[in-house]
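Undergrad: Here is a sequence with its predicted model. Questions after.
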Amino acid sequence: MLLWSGPWITDFLILSVTFWTVLYLYVTRKFNYWKERSVPYITPIPFFGNAFDIFTFRKSIGEVCRQLYESTTDPFVGFFICDEPYLLIRDTELVKAVLVKDFAAFSNRTISDNKKDDPMGSHILFILKTPDWRDIRKKITPVFTSGKMRWMYKLVQEAGRELADYLKKEAAKNPVVDIKEISAKYTTEAITSTSFGINANCFKNENAEFRLVSRRVLNWGHWERAISTVCYFIAPNLVKLFKLKFVDTASAEFLRDAFWRTMKERERTSFVRNDLLDILIEMKKKEEIDDPYKLEGDKLVAQATQFFMAGFETSSSAISFTLYELAVNPDIQKKLREEIISVKNKHGEFSYEALKEMRYLDMCVKETLRKYPILPFLDRRCDEDYLLPGTDVLLPKGTPVFISTWGLHFDPRYFPDPEKYEPARFAEENVQTRPQFAYLPFGEGPRNCIGARFGNVSTKSGVAHIISEFEVELCKETQHPIKLDSKGFLLAPVLQLLLKFNKTEKSVYLSEMWLTPYLPVDTLILLSTLIFLLCKYVSRNFDHWKKKKVFYFEPIPFFGNFLDLSLFRTTIGEYLAKLYNQTEEPFFGIFIFDTPHLIIRSPELIKAILVKDFNNFDDRNIASAPHESVTSNMLFLNKNPEWKPVRAKMTPVFTTGKLKGMIPLINEVGETMKEYIKQNMTNLSLEAKEICAKYSTDIIAKCAFAINANSFKSDDAEFRKVGRLVFDFRWSTAIQQTSFFFLPSLVRLFRMTFIDPKATNFLRETFWNAIKLRQERSHKATDVIDAIIDMKDNKEFCKNNKFEGDKVVAQAAQFFLAGFETTSSTIAFTLYELCLQPPIQHKVKNEIKSSLEEHGGITYEAIQSMKYLHMCVC
């Protein structure tokens, strides 16, 4: 109480007033800077200058710059970040002087670097300072020549096809799609392929590592990232003080590892892909000893990272904004679609030349980048004292100079009615009417965006693939007008960007192209008659189940009940389950094209077909292909009478005794898998499906082919490649395997194969090598190879059944194909469900631990004793 009485209070108040007065005078000491130079300026506030909205994340840097631009009509205006004076240029001639004519005085950006704590991020071209910037820019520029772009575009085109296919599946499930996320998957796929030489698999895996990294690198929603980015642009002292990084540690480590792994493989194999990685390898080889800027270590990785970061978000947002505006403006969308389809029909695909021919698409993308410039401001630092042309204003060395791209793009002097989306602004005759430097989506001059051409191509390709297949509409979930993120330095939607996707009726466009007044009427009549007769023919069996008084689902001409399966909208299993749940009948009829099929629901009828009356149902419906000697002799496809003796001989392979003998082989793979998981636990997440596939591949290879597949040691292990070749989705494989089940006539007509011939050849060669080695060493093992050798050497069996050549190979191939995917998927699904239900996971874990302690490890008996594990798997 004594301390807070009498003179102490007076002293405290005096001290406080003195402190705040001194602090106020200190932080406002430069606030007359522009006034003294007779430069118009915006009145600042203490501590923040004119950046209060930036520091509180109410507005982005781009929004504040646009606000400054629109606050005056002067050619330039001064403002303050905290207590530092900045200059914003508005006049296009001054913009030209800063970016081009007097570039030597403005060769560096204001953005900070931190080489000590962020060695990779600081060597990104966007951040790099002169003279290092000049050296690396000169070396990187050849990557983006027209010739190189043509080569890289093939990779972009492949990503575009994946985008269209993925959208078809997603829109079929739910027409309302988050185009922001879809575009991000596409650009991540395209950029990763061209900059890191890796397939990111974003469309196949929702948690693809490159997609996770791209989310994290530019995740402005995360406060730490948002604050760090703001500091890099307007608070450089804090960058070094708090050791901030432009690329976060986890992302940098992932990108570094991915880059060197691919670089090492590329150098080892001398494989040429004509992508950024090849250019960097070539640059590295050609470096001179006295080269001032050597491309090594993180300097090399930084260039691929720059390409990844710059290309991913810019193209992704450009596609999102374009589709949003096309949804708002259906007339523009219709006109664009007509051009896209017309040019595609002319070229047969979305080739590089086709994209260049799409003038209206080019105008649409340019208008998008006018209204939504992804980098809405440009920044430069004055490298020497500089007299602004036509004025007496001298800018001291070190003065930051900003240009509001967004402000220029919305200036009605250059773009009348700027809020309106109008692609015609970029018709050649309209472009000539405005200053060149009024439109700067990629900057201008020596320090413009080096990947502008690539960004344009990938954006156009993405839009073309989507608009050719879908009509895009606003829906009740669409955020309209669009809200932009205030925490990032790039322009991007703040939340999801939900739009409705409707599949286009291509027949409409075909009719517009071909049904002209000059088409003879008799041709139309002939076509109509032909279509009518064809419909009658393909529906001739559609009363089959009605005649037999069996409940059935109404078929449609040409497809029967098979439309969704024909278009690969759903799988056979999903479709049959859906039909099963739509009726309570013990059985019901469906049509596959025009052929009647019966689906059984009653357990008693199922028992009759599978067991009691098996003699009447001993063959599968799947087609056999005599021209494909391996798969046609596999048990799964084999027909009676050949099936029965082979089945009888193969059955002893799976007796309890034989399975016990295989347990050590299985355990060995299990231990390898455990070590692999431990070594890779530092990653953000592990792809369970891929790990399970490696595990089952190694087990099957050991037990069926008596070799080590080494799937955990090499991502390019031959057996793993074969597994992908057989089971990963490809249109050709899907069509052929579907035909085996439902269109047996096509199998023989087109000599289709159930598995890829490359896979068949590999399995054949591997099998005979294993047989030869086993016979030479006279080594016995309780595996499939021994069982097959016994069958082959059994004269009694071979007397009635020729067991030679591909008939022998087929049994090992059957074991590989049947065991690989089933085991892999079962484990993956089980782990997924255990993740969803921790109490069950805890219970099964306790049972496993208890059983292992009791039996001293994983033995056949230990596995048999794990009742709860058995219940989980079943």
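TA: On my side now, so go ahead. Numbering: from 1, shown residues only.
Undergrad: In three-state terms, label the most centrally placed residue in the chain for me.
TA: For the chain, the residue nearest the mean C-alpha position is Cys202 (2.6 Å; C-alpha atoms, centre = their mean). Using DSSP: H, G, I helix; E, B strand; the rest coil, the structure places Cys202 in coil.
Undergrad: Give me the nearest residue to it, chain neighbours excluded.
TA: Counting by C-beta to C-beta, 6 or more residues apart in numbering, Lys185 is the residue found nearest to Cys202 once chain neighbours are left out, at 4.0 Å. For every residue, glycine as well, the C-beta is placed using N, CA and C.
Undergrad: just checking, the residue nearest to the centre of the chain touches Thr187?
TA: No: Cys202 is beyond contact range of Thr187, at 9.2 Å (criterion: C-beta atoms under 8 Å).
Undergrad: any residues in contact with both of these two?
TA: Common neighbours of Cys202 and Thr187, using C-beta atoms under 8 Å, 6 or more residues apart in numbering, do not exist here.
Undergrad: Could you check the pLDDT of the residue nearest to the centre of the chain?
TA: With respect to pLDDT, Cys202 scores 88.
Undergrad: Same check on Arg540?
TA: pLDDT at Arg540 comes out at 85.
Undergrad: repeat for Asp793
TA: 69.
Undergrad: Just the residues contacting the helix or strand containing Ile531, thanks.
TA: Take DSSP states H and E as the rule and Ile531 turns out to sit in helix 521-538. Helix 521-538 has contacts (C-beta under 8 Å, 6+ apart) with 557-558, 593-594.
Undergrad: What helices and strands are in contact with the helix or strand just after it?
TA: Next helix or strand after helix 521-538 toward the C-terminus (DSSP H and E): helix 544-547. Counting contacts by 3 or more C-beta pairs under 8 Å, 6 or more residues apart in numbering; DSSP states H and E, helix 544-547 is packed against strand 587-592.
Undergrad: what does the strand it packs on contact?
TA: So strand 587-592 is contacted by 541-542, 544-545, 548, 550-553, 555, 560-562, 579, 596-602, 605, 742 (C-beta under 8 Å, 6+ apart).
Undergrad: in that strand, what counts as buried?
TA: 588-592 (16 or more other C-beta atoms under 10 Å).
Undergrad: export that strand as PDB, just CAs?
TA: Extracted in PDB, the C-alpha atoms of strand 587-592 (Å, rounded to 0.1, in the frame of the first residue of the first chain):
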ATOM      1  CA  PHE A 587     -34.200 -63.600 -56.600                       C
ATOM      2  CA  PHE A 588     -34.600 -61.100 -59.300                       C
ATOM      3  CA  GLY A 589     -33.700 -60.600 -63.000                       C
ATOM      4  CA  ILE A 590     -31.500 -58.100 -64.700                       C
ATOM      5  CA  PHE A 591     -30.100 -57.600 -68.200                       C
ATOM      6  CA  ILE A 592     -26.500 -57.200 -69.100                       C
END
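Undergrad: Which elements pack onto the following helix or strand past that strand?
TA: For strand 587-592, the following helix or strand on the C-terminal side (DSSP H and E) is strand 595-600. In terms of contacts (3+ C-beta pairs under 8 Å, 6+ apart), strand 595-600 is packed against helix 572-580, strand 587-592.
Undergrad: got the residue ranges for the strands in the stretch 51-200 of the chain?
TA: Assigned by DSSP state E, counting those that start in this stretch, the stretch 51-200 of the chain shows strands spanning 76-81, 84-89, 176-178.
Undergrad: would you turn those strands into a markdown table with mean neighbour count and distance to Arg215?
TA: A markdown table is the format used below for the strands of the stretch 51-200 of the chain (neighbours: other C-beta atoms under 10 Å; distance: least, C-beta to C-beta, whole Å):
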| stretch | mean neighbour count | distance to Arg215 |
| --- | --- | --- |
| strand 76-81 | 23 | 29 |
| strand 84-89 | 23 | 32 |
| strand 176-178 | 19 | 13 |
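Undergrad: Which one of those strands lies nearest to Gly121?
TA: strand 76-81 (21.5 Å; C-beta to C-beta).
Undergrad: so that closest one versus strand 84-89, what angle?
TA: 150 degrees (axes from the mean of the first three to the mean of the last three C-alpha atoms, to 10 degrees).
Undergrad: Quick one: mean pLDDT for strand 76-81?
TA: 96.
Undergrad: before we move on, the earlier item: now the strands of the stretch 51-200 of the chain as a markdown table including distance to Ile789?
TA: Formatted as a markdown table, the entries for these read as follows, by distance: least, C-beta to C-beta, whole Å:
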| stretch | distance to Ile789 |
| --- | --- |
| strand 76-81 | 80 |
| strand 84-89 | 82 |
| strand 176-178 | 55 |
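Undergrad: Tell me which of those strands approaches Asn616 most closely.
TA: That would be strand 176-178 among the strands of the stretch 51-200 of the chain, by C-beta to C-beta, at 48.4 Å.
Undergrad: Partner strands of that closest one, with direction?
TA: Paired neighbours of strand 176-178 in the sheet (DSSP bridges): strand 498-503 (antiparallel).
Undergrad: for the record, mean pLDDT for the partner strand?
TA: In the prediction, strand 498-503 has an average pLDDT of 93.
Undergrad: and that strand, which residues are buried?
TA: 498-501.
Undergrad: Show me the two of the residues you listed that sit farthest apart.
TA: Leu498 and Phe501 (10.3 Å).
Undergrad: Please identify every residue contacting each of those two.
TA: Common neighbours of Leu498 and Phe501 (C-beta under 8 Å, 6+ apart) are 176-177.
Undergrad: tell me which element Ser851 falls in.
TA: Short version: Ser851 belongs to helix 838-855, going by DSSP H and E.
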